[in-house]
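Asker: Fold the stuff below for me.
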Amino acid sequence: MSFAKVYSAQTSLLKAHPVTVEVDLSKGLHSFSIVGLPDKAVEEARDRMSAAIKNSGFVSPKQKNQKVVVSLAPADIKKEGPSFDLAMALAYLLAAEEIWFSPEKKLFLGELSLDGKMRKISGVLPLVDMAKQRGFEEVYLPEENVREAALIANISIFGVQNLLDIVEHLNEKKSANTKKTKKLLFPQPKTEIEHAERKYAVDFADIKGQETGKRGLEIAAAGAHNIALFGPPGTGKTMLARAFADILPPLSFEEILETTSIHSVAGILKDDLVTEAPFRGPHHTSSYVSLVGGGSFPKPGEVTLAHRGVLFLDEFPEFDRRVIEALRQPLEDRVVSISRSKGTALFPADFILIAAMNPCPCGNFGSKDKECVCPPAHLLRYRRKISGPIADRIDMWIEVPTISASKLSDGKKGEGSAAVQQRIIAARTLQKNRFEKFKLPFKTNSQINAKRIEELIPLDQKARATLNSAADNMKLSARAYHRIIKLARTIADLANSGDVTFKHILEAVQYRPKEVESRF
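Answerer: Here you go, the predicted structure:
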């Protein structure tokens, strides 16, 4: 009877933490306990690992009259999920002297099925990244997680099919339970990012008319500005939003790591990697917690899942007012802070908001052809859903009017999404070079803070006078004043202009309505 120690890890919120798995065997009546604040999934691991050990040709812990204690350290962090199964099984076999190998600088992750096969787990990317930073040299995990884990360079990733495979690979002790020919696992080559050719679900060329809407979306994509589309039902607001997702520039390698980590931890990673900007479109009945994040043990919501991508809120005023107001912090700070009695979580939330809405509940308010049937009380309640602070944080308000039948049937096609995307990439490149010149951490114009606006976006006398006149007439807040300057800078970048002129200011101002409530 002896003691063994191996290493595993888990994610807590969006961060990874190393976990030391210790197993102690002693004589006595049979018992099997797991300590270290395990949740139900971890406690049930005793049955999974016992069956997996037995079905891999070893003696099950339950067949021996002994006391088994499994400790997951540090003991003050709650252990969740099934990712400790593999480490616990190997630690037990080491302690029982059925196998022998050196566990130093090796990390073991994975869930075991009853027959010893490995099952896919969530949150692998941040776990492997943490392992590299902590000095681990080898990571063993399920084969289904290998491509995701191999994004991290300079650390050996081994894909494991079942418990017996890893035992045969690691075991240095001859045993009747292991084959004479040792089966070796080979490190997975580093995953290379490949951006597939875009297949536009909705191409700009397929959208008839709506030139103002297309122009607004191009500006929003170039500078990562928030935008609202308002107009009667059926005019193409949702179609424009869907087309927007495909004109965004491809994610950089760092952004791919970041977004893939978030989706992996959240357990919604459908493919191996997130290589394109996320597009999240929650229904207007979504709860406060599902949108912003939270729960008794805080989990990321839609605003975090849309990080580095798009959050599309269709029927914006139909969302619960509490949900809409919760967007204040992420729209301003690009993070969302969730505080609970058990602790505080800070989740990233750097997304582009696209809000689509009708002018009233029936959609006909202000129409020349149709009569609005909404009672005044309903109109007032509908408009009050969008508060001043929220409207102030939306850079652009674009009207999407009704398109005539003749326009819809003329057969003419406009500029395609591919050409629009190239202009956006060129504008983003200008912004990147500008920020690198000043050694600033910003990536897009929308991220520039008030402290740096004067330095990064100087205005000549005519442009400043135009802006000040508009601000006085429209009673703009300081936030709106600065957002117009940043929007004008993006318009100038799209025109490949080094200076922000009064023409760029005028275009930026026209996207800012005097009274938001009267426009939709």
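
Asker: I505 reaches A488, doesn't it?
Answerer: Yes - contact criterion C-beta atoms under 8 Å: I505 and A488 qualify, at 4.9 Å. (Glycine included, C-beta is placed from N, CA and C.)

Asker: now the strands for the stretch 51-200 of the chain?
Answerer: Counting by DSSP state E, counting those that start in this stretch, the stretch 51-200 of the chain has these strands, from start to end: 66-73, 106-108, 111-112, 118-119, 138-142, 156-160.

Asker: so what sits against both of I505 and A488?
Answerer: Shared contacts of I505 and A488 (C-beta atoms under 8 Å, 6 or more residues apart in numbering): 463, 467.

Asker: And for the worst-scoring helix or strand of the chain on mean pLDDT, what's in contact with it?
Answerer: In the chain, the helix or strand scored least confidently by mean pLDDT, DSSP states H and E is helix 405-408, which has a mean of 78. Helix 405-408 is contacted from outside by 208-209, using C-beta under 8 Å, 6+ apart.

Asker: same thing but at 10 Å, please
Answerer: 208-210 (C-beta atoms under 10 Å, 6 or more residues apart in numbering).

Asker: my guess is I152 meets L141, correct?
Answerer: No - assessed by C-beta atoms under 10 Å, I152 is found out of contact with L141, at 11.8 Å.

Asker: of these two, who's got more company?
Answerer: More neighbours surround L141 than the other of I152 and L141, with 26 against 22 (other C-beta atoms under 10 Å).

Asker: Please name the nearest non-neighbouring residue to the more buried one.
Answerer: L109 (4.3 Å; C-beta to C-beta, 6 or more residues apart in numbering).

Asker: what's the neighbour count on the one you found?
Answerer: 27.

Asker: ok, it to V335 distance?
Answerer: In this view, L109 and V335 are 28 Å apart by C-beta to C-beta, to the nearest Å.

Asker: Now do stretch 67-84: distance from first to last residue.
Answerer: Start-to-end span of stretch 67-84 (C-alpha to C-alpha, to the nearest Å) is 20 Å.

Asker: Return the set of buried residues in it.
Answerer: By neighbour count on 16 or more other C-beta atoms under 10 Å, the buried set for stretch 67-84 is 67-72, 79-84.

Asker: which strand in the protein runs the most residues?
Answerer: strand 15-27 (DSSP state E).

Asker: so what secondary structure elements neighbour that one?
Answerer: Packing contacts for strand 15-27, counted by 3 or more C-beta pairs under 10 Å, 6 or more residues apart in numbering; DSSP states H and E, involve strand 3-12, strand 31-35, strand 66-73, helix 85-95, strand 106-108, helix 124-133, helix 253-266.

Asker: quick one: buried residues of stretch 421-428?
Answerer: 421, 423-424, 427-428.

Asker: should've said stretch 370-388
Answerer: Of the residues in stretch 370-388, 372, 374, 379, 382-383, 385-386 count as buried by neighbour count, 16+ other C-beta under 10 Å.

Asker: would a markdown table of those residues with secondary structure, pLDDT and distance to R393 be doable?
Answerer: Shown next, in a markdown table, are those (DSSP: H, G, I helix; E, B strand; the rest coil; pLDDT from 0 to 100; distance: C-beta to C-beta, whole Å):
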| residue | secondary structure | pLDDT | distance to R393 |
| --- | --- | --- | --- |
| C372 | coil | 87 | 28 |
| C374 | coil | 89 | 26 |
| L379 | helix | 85 | 23 |
| Y382 | helix | 86 | 19 |
| R383 | helix | 82 | 17 |
| K385 | coil | 85 | 15 |
| I386 | coil | 89 | 11 |
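
Asker: Can you give me the distance of T238 to E399?
Answerer: In terms of C-beta to C-beta, T238 sits 15 Å off from E399.

Asker: Who are the contact partners of the residue nearest to L141?
Answerer: Neighbouring residues of L109 by C-beta under 10 Å, 6+ apart: 7-10, 83-87, 118, 121, 123-124, 127-128, 131, 139-142, 145, 149, 160.

Asker: any idea how the protein splits into domains?
Answerer: 3-170, 204-518 (automatic domain parsing).

Asker: Next, work out how far apart P375 and R384 are.
Answerer: On the measure of C-beta to C-beta, P375 and R384 end up 14 Å apart.

Asker: for D499, that is, sorry about that
Answerer: Relative to R384, and taking C-beta to C-beta, D499 is found at 41 Å.

Asker: Helix, strand or coil: sort out the nearest residue to L313 once chain neighbours are set aside for me.
Answerer: Of all residues not flanking L313 in the chain, A355 sits nearest, at 5.0 Å (C-beta to C-beta, 6+ apart). Classification of A355 using DSSP: H, G, I helix; E, B strand; the rest coil returns strand.

Asker: and if you look at R464?
Answerer: From three-state DSSP, the assignment for R464 is helix.

Asker: Is it in contact with I505, as I believe?
Answerer: Yes - applying C-beta under 10 Å as the test, R464 and I505 come out as touching, 8.5 Å apart.

Asker: what's the span of stretch 102-112, first residue to last?
Answerer: OK, stretch 102-112 end separation, C-alpha to C-alpha: 21 Å.

Asker: Could you list the buried residues of that stretch?
Answerer: Those buried within stretch 102-112 under the rule 16+ other C-beta under 10 Å are 103, 106-112.

Asker: which one of those is nearest T260?
Answerer: Checking these against T260 with C-beta to C-beta, the nearest one is L109 at 16.2 Å.

Asker: pLDDT at the closest one, what is it?
Answerer: The model reports L109 with a pLDDT of 97.

Asker: Pop out the phi and psi values for it.
Answerer: Phi and psi for L109, reported as degrees, to the nearest 10, are phi -130, psi 140.

Asker: Now for the residue nearest to L313, how many residues are close by?
Answerer: By other C-beta under 10 Å, the burial measure for A355, its neighbour count, is 27.

Asker: List the contacts of it.
Answerer: 226-230, 237, 241, 311-317, 319, 324, 327, 386, 390-391, 394, 397, 520.

Asker: and if you look at G295?
Answerer: G295 neighbours (C-beta under 10 Å, 6+ apart): 289, 301, 338, 340, 345.

Asker: Check whether the second one really touches P348, as I assumed.
Answerer: No - proximity of G301 to P348 does not meet the contact threshold set by C-beta under 10 Å, at 11.7 Å.
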